[in-house]
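**Q** model this:
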Amino acid sequence: MSLTRRGKEAEWLEQLKPGLRQLESDALNAESPTELLNDYLTPISSFFVRNNGVLPAISLGDADSWTLSVDGEVRNPCSWTVAELRTKFENVSVTAVLECAGNGRSAFSPPTQGLQWGHGAVGCARWIGVRLRDLLEFAGLKDSAVYTGHFSPDVKTDGSGESAISRGLPITKALAPETLVAFAMNDAPLPILHGGPLRIVAPGYPGSAWQKWLTRIWVRDREHDGEKMTGIEYRLPAVPISPTQSFDDIELRVITDMPINSIITTPKDNFVAECGSEIEIGGFAWSGHVPVSSVTFSADGFRTSQPLKLEPSSEPFAWRRFAGRVRPKQRGLLTLATRAADVEGRSQPLEPVLWNPGGYCNNMVTGISGMVT
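**A** Residues are numbered from 1 along each chain as shown. All right, here's what the predicted structure looks like:
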């Protein structure tokens, strides 16, 4: 099925992912209600959708002829079909969280530009593909290699025909063992909506670095300056700034590590419970490159809190399930919130995170509410 028009895209999305909430934007974007994120591996039908431009006109049959090229600062420019990637290089799997850098943006005050995501622009999947390192080593990296630049056929929604996004990775991350060129998701062929036939998987980095519909990797001798790699795009100020302050002369650094975060997936928001009965609390905690160490929960705005049971880590970039119980003793509104911490001592902030012009990396503690009867 080819995807060309926004209306058709939205209709198609409703059929494939009926539980998602579509956001108001020219491109197709939709987030997952947190109750749909209760599985360790987020089902494809529940996985959020993020696009910067028009979906390219790709059909499932295109996977056979899809070609990826590697050029630039390499001694041996190469190209492969998907079938050749599968057979010529070791196939590996990485279970990792994919999170949009703008997840939680709607909570910034004052509001920032960009899609007003709630907290459902996140999911965890098993990604299967080949190591990007293996492709780069086969092509023969030159000593001048500093960054990769990634290219795909999606274009802006303004009709200009210009590339919608072209981001890249520092060469150290491109060579990291967890960084993949993936062709499968949760043991199924990579869906078109999630970048099939090929996409980058860069665990720990924001979703913008996980380029979809990958056709070319340009190895650069400098930081990549493709579409959405400059200005304030996916960057944070090097020093705190205020919403009224000009950021024209402020140093902005590319986001290379997602912060510690957590969500409650059960009970669902607006739950109803009986006074004196146990409420089971469950959800997930995750971080970028620094492992999660603990999760606590509170029913009084963290005036008091108690630890939750945190399941052992199965893979370093996957999220970790937590569980616990609370027995409310009073009727009325009850708000439950969780707070995760990592092994370097960083915790989700209780107050709003530092404002930034792109509205990125908002990992402030949030909660769900319900009525105790």
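
**Q** span of stretch 177-195 from start to end?
**A** Distance across stretch 177-195, first residue to last, is 21 Å (Cα to Cα, to the nearest Å).

**Q** now swap in stretch 68-76 and tell me
**A** Stretch 68-76 has its terminal residues 14 Å apart, counting by Cα to Cα.

**Q** in this protein, which spans are helices?
**A** Using DSSP state H, the helices of the chain run over 6-16, 82-88, 132-139, 171-174.

**Q** could I have the CA atoms of the first one written out in CSV?
**A** Right, the one you point to is helix 6-16. Extracted in CSV, the C-alpha atoms of helix 6-16 (Å, rounded to 0.1, in the frame of the first residue of the first chain):
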residue,chain,number,x,y,z
ARG,A,6,-2.2,13.0,4.8
GLY,A,7,-5.9,12.1,4.9
LYS,A,8,-5.2,8.6,3.7
GLU,A,9,-2.3,8.3,6.1
ALA,A,10,-4.5,9.2,9.0
GLU,A,11,-7.2,6.7,7.9
TRP,A,12,-4.5,4.0,7.5
LEU,A,13,-3.1,4.8,11.0
GLU,A,14,-6.6,4.5,12.6
GLN,A,15,-6.9,1.0,11.1
LEU,A,16,-3.5,-0.2,12.2
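
**Q** which neighbouring elements make contact with it?
**A** Packing partners of helix 6-16 (3 or more Cβ pairs under 8 Å, 6 or more residues apart in numbering; DSSP states H and E): strand 21-22. C-beta coordinates here come from the backbone N, C-alpha and C atoms, glycine included.

**Q** could you rerun that using 10 Å?
**A** Under the contact criterion of 3 or more Cβ pairs under 10 Å, 6 or more residues apart in numbering; DSSP states H and E, helix 6-16 touches strand 21-22, strand 30-31.

**Q** could you list the buried residues of that helix?
**A** Glu9, Trp12, Leu13 (16 or more other Cβ atoms under 10 Å).

**Q** what of the shortest one?
**A** Of all the residues in helix 171-174, those buried under the rule 16+ other Cβ under 10 Å are Ile171, Lys173, Ala174.

**Q** can you pull the contacts of the first one?
**A** This means Ile171. Ile171 makes contact with Glu73, Arg133, Leu136, Leu141, Ala145, Val146, Tyr147, Thr148, Val219, Arg220, according to Cβ atoms under 10 Å, 6 or more residues apart in numbering.

**Q** ok, Ser369 to Cys275 distance?
**A** Going from Ser369 to Cys275 by Cβ to Cβ, to the nearest Å gives 16 Å.

**Q** appreciated, that's everything.
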